[in-house]
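Student: Any chance you could fold what I've pasted below:
(2 chains)
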Amino acid sequence: MIKQKIVLRFPPHIVEQPTIYHLIKDFELMVNILRADINPKKEGRLMMELSGSELNYQRAIEWLTEQGLQILNLEQQIIWRSDRCTHCGACTVICPTNALVFDRPEMTVRFEEEKCIVCELCLRACPARAMETLVENAGLSNGK
Amino acid sequence: MEVNRSIEEINEKIRNGQVVVLTAEEVIGAVKENGLAETAAAVDVVTTGTFGPMCSSGVFLNVGHPQPRIKLNEAYLNGVPAYAGIAAVDLYLGAAAIPPTDPANRNYPGEFIYGGGHVIEDLVAGKEVRLDATAYGTDCYPLKKIETSFRLAEINEATLYNPRNAYQNYNVAVNMGPKTIYTYMGILKPGPGNANYSSAGQLSPLFNDPLLKTIGIGTRIFLGGGIGYVAWHGTQHNPAVERTGSGIPKGPAGTLALIGDLKQMQPHWLRGLSYLGYGVTMQVGLGVPIPILNEEIMGYCAVSDDEIFAPVVDYHHSYPNREAGNLGLVSYGELKSGSIILEGKKVPTASLSSYAGAREIAASLKEWIEAGQFTLSEPAAPLPSVEAGIGLNVMPRRNPDEREE
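Tutor: Sure thing, here's the model as predicted:
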């Protein structure tokens, strides 16, 4: 069994395809969608947790790649810039999954990436703008 | 043996390398363990610190005359307006200033990505800052327009002058309304979903000298990573509030006006901040040394978070409408535990002031004093305290067209 959080980026020409249907029907994966959106350029972004057998998961990833989707690791989508963080703690009551936690008695902020669901609330809640996202920078067209 | 130290005696010990310094956090345990008298006899100085958002901050700049000369009338630094209503090339840049092009809250809640506090941080970091200015032109100052850039090191003076810093206590903000609000106390969720506070509590300078018995005009301090001075009492200085038996105010009270040379400060301790839906401000790091002149002063410095209380205030209705609305007092001990109980409900807490930063500042100041790099100054005059009879005025609302000539 494997359980993995990923981000799928859909180019405009396949944004209307029933991709999730295939993941469930053809690869017997359990799909838990965390967040989905389509930007004005009709590029889609889907954050989800996939679980199923290791083999099916690998086959599904290969198939998704063949379809022209870009697959990113969800845990790398939000970046905590510790050099910018002033450790006030304002973000810790805004983060809905406690991925941003306040350690006591150290009184410092810590980011637990694996708990992050990329809701992005912290980006604007941080007064020092210590939270950044890769998503806006990672263009689809350059193939990276 | 009764302790009776002078600042001069303490400075002599600093110069001889014999001074004993504890931070306001360390001293709490020392007094508990060894008692007040023994600790007062052993310790010469207690260092404090705070690193919180302080909107009433800014810098006086003299950018130097170009060739030909100019009398700046309207000036922008990286697009942020600076006040030019003083001499020709003098400016005052406020931490809360925003560019005229910022959509502000027309795009609610506004992001306020860049403003005065950020320009100050950039200047201190040594970055090149753009100046766009216009003038009406005079016989002595003919230039009417300038577009240029400069670094902090290239201008004449840069004097940080903060009209109100180091608030002695502050409100704990909650939202008793139905939807999320965006305030200078951060994002407040309904429910209330969170309670935000902004003080270093037991490490905060004015909690360690609550009646201003040692801090006065001319007190030398840690300011923005460099050395600064107490210039005056701060704006909205309000010492006559209700206090605990040990003199600790139960709500916002005293404030300090601070001054220092920006050129010797560090960007780490002067940080531009963006408060969603509110505006820009600056996080200012400051620390004040408290000379342990006697046992009474040591008693003040031994105060702990459990003995300091702040009022919980509704920022949905009470605060904006200037209505009384204290929902109860909570201690900084409770606030720092991560949650408070409000009307029977557990509410998570968050700070806007960095306690970790406050600790670092108090520790730095301690190091400076121990290393003989920082001596204490004798205040030139005391600050108004409880007996001064200062209070807060409410702005009159009347018809200005019918005012008396």
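Student: hmm, the lengthiest helix in chain B in reach of chain A?
Tutor: Secondary structure of chain B per DSSP state H: the longest helix is helix B:355-370. Yes: Helix B:355-370 reaches chain A (C-beta under 8 Å from any C-beta of the partner chain) through B:Tyr355, B:Ala356, B:Gly357, B:Arg359. Using the backbone N, CA and C atoms, a C-beta is placed for each residue, glycine as well.
Student: Scan those residues and report the most crowded one.
Tutor: In terms of neighbours by other C-beta atoms under 10 Å in any protein chain shown, the residues of helix B:355-370 next to chain A top out with B:Tyr355 at 31 neighbours.
Student: which residues touch that residue?
Tutor: Applying C-beta atoms under 8 Å, 6 or more residues apart in numbering or on different chains to B:Tyr355 gives the contacts A:His87, A:Met107, B:Ala200, B:Gly201, B:Leu203, B:Lys336.
Student: before we move on, what about B:Ile297?
Tutor: B:Ala40, B:Asp209, B:Lys213, B:Thr214, B:Ile290, B:Pro291 are the contacts of B:Ile297 under C-beta under 8 Å, 6+ apart.
Student: Please report how far the first one lies from A:Thr133.
Tutor: The reference is to B:Ala40. 53 Å (C-beta to C-beta, to the nearest Å).
Student: the more surrounded of these two?
Tutor: Between B:Ala40 and A:Thr133, counted using other C-beta under 10 Å, B:Ala40 has the larger neighbour count: 27 against 14.
Student: residues from chain A in reach of chain B?
Tutor: Close to chain B, as judged by C-beta under 8 Å from any C-beta, chain A has residues A:86-94, A:102, A:104, A:106-108, A:124-125, A:127-129.
Student: hmm, which of those residues are the buried ones?
Tutor: Among the residues of chain A next to chain B, those classed as buried by 16 or more other C-beta atoms under 10 Å in any protein chain shown are A:86-94, A:102, A:107-108, A:124-125, A:127-129.
Student: Among those residues, which ones are in strands?
Tutor: A:Phe102, A:Thr108 (DSSP state E).
Student: Just the element for B:Phe60, please.
Tutor: strand B:58-62 (DSSP states H and E).
Student: Show residues contacting that strand.
Tutor: In contact with strand B:58-62 (C-beta under 8 Å, 6+ apart) are residues B:82, B:89-95, B:116, B:120, B:123, B:155-163, B:262.
Student: could you redo the last one with a cut-off of 7 Å?
Tutor: Identification of contacts with strand B:58-62 by C-beta atoms under 7 Å, 6 or more residues apart in numbering or on different chains yields B:89-95, B:116, B:120, B:155-162, B:262.
Student: lowest average confidence, helix or strand, in chain A?
Tutor: Ranked by mean pLDDT, DSSP states H and E, the weakest helix or strand in chain A is strand A:70-73, scoring a mean of 87.
Student: Around chain A, which positions in the stretch 51-200 of chain B sit nearby?
Tutor: B:Phe51, B:Pro53, B:Glu111, B:Gly186, B:Ile187, B:Asn194 (C-beta under 7 Å from any C-beta of the partner chain).
Student: For chain A, state which of those is nearest.
Tutor: Among those, B:Asn194 lies closest to chain A (C-beta to the nearest C-beta), at 3.8 Å.
Student: Just give me the neighbour total for the closest one.
Tutor: Neighbours of B:Asn194 using other C-beta under 10 Å come to 23.
Student: show me the contacts for it.
Tutor: A:Val93, B:Leu188, B:Val347, B:Pro348, B:Ala350.
Student: what does the average pLDDT come to for stretch B:215-222?
Tutor: What stretch B:215-222 shows for mean pLDDT is 98.
Student: Mark out where each domain of chain A begins and ends.
Tutor: Domain assignment for chain A by automatic domain parsing gives A:2-75, A:78-133.
Student: Show the model's pLDDT score for B:Val241.
Tutor: Reported pLDDT for B:Val241: 95.
Student: Kindly provide the distance from A:Val93 to B:Asn105.
Tutor: 22 Å.
Student: To clarify, my last question referred to B:Ala88.
Tutor: 35 Å.
Student: Against A:Leu29, how distant is A:Ile2?
Tutor: For A:Ile2, the distance to A:Leu29 - C-beta to C-beta - is 9 Å.
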